[in-house]
Each structure stands twice: as C-alpha cells, then as structure tokens.
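**Q** Got a sequence here, can you build the structure:
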Amino acid sequence: MKNFDYKQLDDIIHSKIRLGIMCALISGDEVEFVYLKKTLGATDGNLSVHLKKLEDAEYVLSTKSFVDRKPQTTYKLTAKGRKAFKAYLDQMEKLVEE
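**A** Just a heads-up that it's a prediction; the model follows:
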C-alpha cells in the first residue's frame, strides 16, 4: 500500500449510511426518504442526519412536496456529488489494486 493515502478518502462519503445513500442515488433517479430508510435499515433521525451532511456538502439535493396531502421528500445526486462519488470509488479501487 505504498501509493495509497487513506487521508484522501472523502470523509463525507466514507460512512456506512452515507455510502449506502450515495449507492442508492447513483442511478440518477430521485429516491424517496421512505425508500432510503427501508433500504438502509436506518431510523428517521439517523438517516436525516446523514442526508443533511450530504446536502451541506452539496452532494445531494432534496425536494419537498405533497402527494395526496402527505409530505414527501425525494433526493438525488448533484453533479458535484456524482463527481465526488466517482473520485471516492477511484480511490477505493486504487486501494484494492495495491
């Protein structure tokens, strides 16, 4: 591992839940909060905290709306988030190759 510097890994993405969120959003489709919650097995509060961190980094964009008078929040990756995720995956691939 002489060429790999773990400090280059993106701390914003390098968390189990945030990595799971990024994987769920990489398809480019908007994904509902409820879907992320079920898929990741996260609580509302825990998922909200991690989504907020990704939003603050401008990796994820949220859209709030009402469907049949019920609030609905959807998320999608931004261009910045997609670029950061690709860089993260490139770093992980480099680690595996070492």
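**Q** Would you agree A84 is in contact with D11?
**A** No - here A84 does not reach D11: they are 11.0 Å apart, not a contact under Cβ atoms under 8 Å. For every residue, glycine as well, the C-beta is placed using N, CA and C.
**Q** ok, these two, which is more surrounded?
**A** Legend: neighbour count by other Cβ atoms under 10 Å for A84 and D11, higher for A84 (20 against 10).
**Q** in which helix or strand would I find the more buried one?
**A** Take DSSP states H and E as the rule and A84 turns out to sit in helix 79-97.
**Q** Just name whatever secondary elements that helix is in contact with.
**A** Counting contacts by 3 or more Cβ pairs under 8 Å, 6 or more residues apart in numbering; DSSP states H and E, helix 79-97 is packed against helix 16-25.
**Q** got the CA coordinates for the helix it packs on in CSV?
**A** Only the C-alpha atoms of helix 16-25 are listed here, as CSV (Å, rounded to 0.1, in the frame of the first residue of the first chain):
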residue,chain,number,x,y,z
LYS,A,16,-21.7,3.2,6.0
ILE,A,17,-25.0,5.0,5.8
ARG,A,18,-23.7,7.9,3.6
LEU,A,19,-22.0,5.4,1.3
GLY,A,20,-25.3,3.5,1.1
ILE,A,21,-27.2,6.7,0.3
MET,A,22,-24.7,7.5,-2.5
CYS,A,23,-25.0,4.0,-3.9
ALA,A,24,-28.8,4.3,-3.9
LEU,A,25,-28.7,7.6,-5.7
